[in-house]
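> take a look and give me a structure for this.
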Amino acid sequence: MQLTLLDGRYELEQKLGEGGMAVVYRGLDRRLNRRVAIKILHSHYATDRDFLNRFQHEAQAAALLNHPNVVNVYDVGQDGATHYIVMEYVEGTNLKTLINREGPLPIARAVTIAIAIAQGLAAAHKFGLIHRDIKPQNIMVRPDGHVQITDFGIAKSHLSTALTQTGITFGTADYISPEQARGEPATPRSDIYSLGVTLFEMLTARLPFLADNAVAVAMQHVNAPPPSLRQFNPQVPPQLEALVHRTLAKEPYQRPASAEVFAHLLKNYYSISDQETTFNPHVIRYPQEPGPIRPALPSPGNGSSTGRTPIAPQRLTITRAPRQEGSGCGVFVLGMFLLVGILGGVFLFSRGTFDGLFAGVVVNDPAQPGQVTPTVKATVTPSITPTSTMTPTPAPLLVTVPDITGQTESAARSVLEQARLVPIQQGQTHSDSVPENHVLSQSIAAGTQLTEGSTVGYTVSLGPRFIALPDFTQRQIESVQSEAAAAGLNLEVSEEPSRNISEGFVIRQSPNPGARLSTGDTVRVVVSIGDRVQMPELTGRSEEEARAVLANTDGLEWSYSDFQGPDRLPNFFQYRPGEVVSMAFTDGRPIQGGQWVPRGTRVVLGVRAPE
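Take a look at the predicted model:
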């Protein structure tokens, strides 16, 4: 720590933490004699005039925001090349520590904390401020349970220019919204998404997306559906689970409309009945049964000649049939037997079953009295006149689904129509392999048999997704890697020292910002290793030559020469007297030729002692 007092007023006492933009100290405001938190920007931002102007505007906007759930910003200033923000110092524990220590939190407590955060965000959003980095580490919980959001001093405000969209504060990968991971500008609903991730972690003591590195986590935020909360904490009510998943929607318009709305939904989540069946499969809607169909009654003014006043139809009353008791059941059974017998007799008679019974019957012939004449059986075919004509239903005509993938949309539609199928476009999406306006996929596989007139859906390619390359310079390499991966770009990283750019930040890039790239293209960035100097190889030289080289190397100094005799130097007689045999830091750590060492390093030369 080089400075201990800013502007003769703010005393720096203890370093509390460090991020991509600044270092935070606990301090004392000597003028008002109160404890404060002081955020000091990294030194390389001091040369970026556009950023400094934006920084001052946004800090001033945050200072005007006054809400009990937001940490107050007291002052923004400059002491020489040091730029700083002075904020309210909060005694308490950040939410991340609380989750690690006590998670999963009780449901009521987690919801109460989330409501407080949402209320603070609602106030900020109305004021034109977007936080862009909501996470448990930026939420302070006081011993009395009061909740406050920190780090609004570097949020994005309505006072910012379009340059802020290149995004100095990219957001933490574990909590980043899909649109931020894709490199798109943050909106108030981006903060709601990050709050949803935070609430998920409070309720389950785990993050919704886990991976080996930040890039993979960011890609899951873009593409992967969140897991169910209830598989990790069955105590979470289905209504609350559905609400959390709503905040984690990939598309911002599917999330709650505002932080104020989200706070209201959290307060009343237990009364929510319109749940997604995915998360509450027991909620079933039954269709309304249609009422009885009644003939239309004429009205006095409709031209009816009856002259009668229509009587309103009575409501259909459904009554239960009276219970049958006593002999009624027996009569019913006897009737059924008789009916079955009659129907069976008719059937057998129609089949000629009883024809043999009349074959030997004789009758008196009236023309020849007293003579017996045998009766000959005659076969009679009854004539049946049908009362209606039955037309057989033809079997449905089946057609084969053609393969339309890779064809232009117009050609694909023509092919489907020729196959007597109905084409339906189901959407458009980008593709690196299928040209624009060509069919990317079809909903029903080629070769499938369908009834003539069935619909077949298809998706049309928009061609490769072109990306306007963001400005990666002066940004932490971790956030650049996350953003590049989310955009589908390959990143090649090299390193070099810089006196102006802090270690771990990008010095330059190729291609330049704004270049149009497609998925899979390569971007090369050079990352600072800090203000370092490359150590020249001095072993084998004479002490006099080595000291001259150090004197002529900017950033290195000769400290002293350590003369070593046979008792300390193995193979003593293989070296010339006065020959440099080693190099080291003043604390004894060895230095190799070509190694990058901090500027100002004092070098100790190991020298073979004279005989």
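
> residues contacting Ala123?
Taking CB atoms under 8 Å, 6 or more residues apart in numbering as the criterion, Ala123 is in contact with Leu65, His67, Asn69, Val70. Placement of C-beta: from N, CA and C, glycine included.

> now the residues you listed: which count as buried?
Buried subset of these (neighbour count, 16 or more other CB atoms under 10 Å): Leu65, His67, Asn69, Val70.

> farthest pair in the contacts of Ala123?
Greatest spatial distance in these: Leu65 and Asn69, 10.6 Å, computed using CB to CB.

> just the helices from the stretch 451-600 of the chain, written as ranges.
Ranges of helices within the stretch 451-600 of the chain are 477-486, 543-551, based on DSSP state H, counting those that start in this stretch.

> mind giving me CSV with those and columns for distance to Ser510 and mean pLDDT?
Below are those laid out as CSV (distance: least, CB to CB, whole Å; pLDDT from 0 to 100):
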stretch, distance to Ser510, mean pLDDT
helix 477-486, 13, 85
helix 543-551, 34, 95
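
> helix, strand, or coil at Gln180?
Secondary structure state of Gln180, per DSSP: H, G, I helix; E, B strand; the rest coil, is helix.

> what sits against the residue lying closest to Asp48 once chain neighbours are set aside?
Sequence neighbours aside, Gln474 is the residue nearest to Asp48 in space, at 6.4 Å (criterion: CB to CB, 6 or more residues apart in numbering). The neighbourhood of Gln474, defined by CB under 8 Å, 6+ apart, consists of His44, Tyr45, Asp48, Phe51, Ile168, Ile501, Phe505, Val506.

> for Glu495, give me the pLDDT.
As summarised for this prediction, Glu495 has a pLDDT of 93.

> that one touches Val525, doesn't it?
No. Using CB atoms under 8 Å as the test, Glu495 is too far from Val525 to be in contact (9.9 Å).

> same drill for these two, tell me which one is more crowded.
Using other CB atoms under 10 Å, the more surrounded residue of Glu495 and Val525 is Val525, with 21 against 17.

> ok, the more buried one - contacts?
If you count contacts by CB under 8 Å, 6+ apart, Val525 has them with Phe472, Ile477, Val480, Leu491, Glu492, Val493, Ser494, Val506, Ile507, Arg508, Gln509, Ser510.

> state the distance from the third one to Ser443.
The reference is to Val480. Distance of Val480 to Ser443, computed by CB to CB, to the nearest Å: 39 Å.

> any idea how far apart the tips of stretch 35-47 sit?
Stretch 35-47 has its terminal residues 30 Å apart, counting by CA to CA, to the nearest Å.

> kindly report the same for stretch 567-576.
Terminal residues of stretch 567-576 lie 16 Å apart, using CA to CA.

> and the contacts of it?
Here stretch 567-576 makes contact (CB under 8 Å, 6+ apart) with Ser542, Gln564, Gly565, Pro566, Val581, Gly606, Arg608, Ala609.

> now for those residues: which two are most distant?
Ser542 and Pro566, at 19.5 Å, using CB to CB across the contacts of stretch 567-576.

> redo the buried ones among the contacts of Ala123 as CSV? Include distance to Thr451.
Shown next, in CSV, are those (distance: CB to CB, whole Å):
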residue, distance to Thr451
Leu65, 63
His67, 62
Asn69, 60
Val70, 62
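
> thought Thr601 was touching Glu557?
Yes. With contact defined as CB under 8 Å, Thr601 reaches Glu557; the gap is 7.3 Å.

> these two: which is more packed in?
When Thr601 and Glu557 are compared for neighbours, Thr601 comes out ahead with 18 against 11, by other CB under 10 Å.

> residues in contact with the closest residue to the more buried one other than its chain neighbours?
Leaving aside its chain neighbours, Thr601 sits nearest to Leu556 (5.8 Å; criterion: CB to CB, 6+ apart). Applying CB under 8 Å, 6+ apart to Leu556 gives the contacts Val533, Met535, Leu550, Val597, Thr601, Arg602, Val603.
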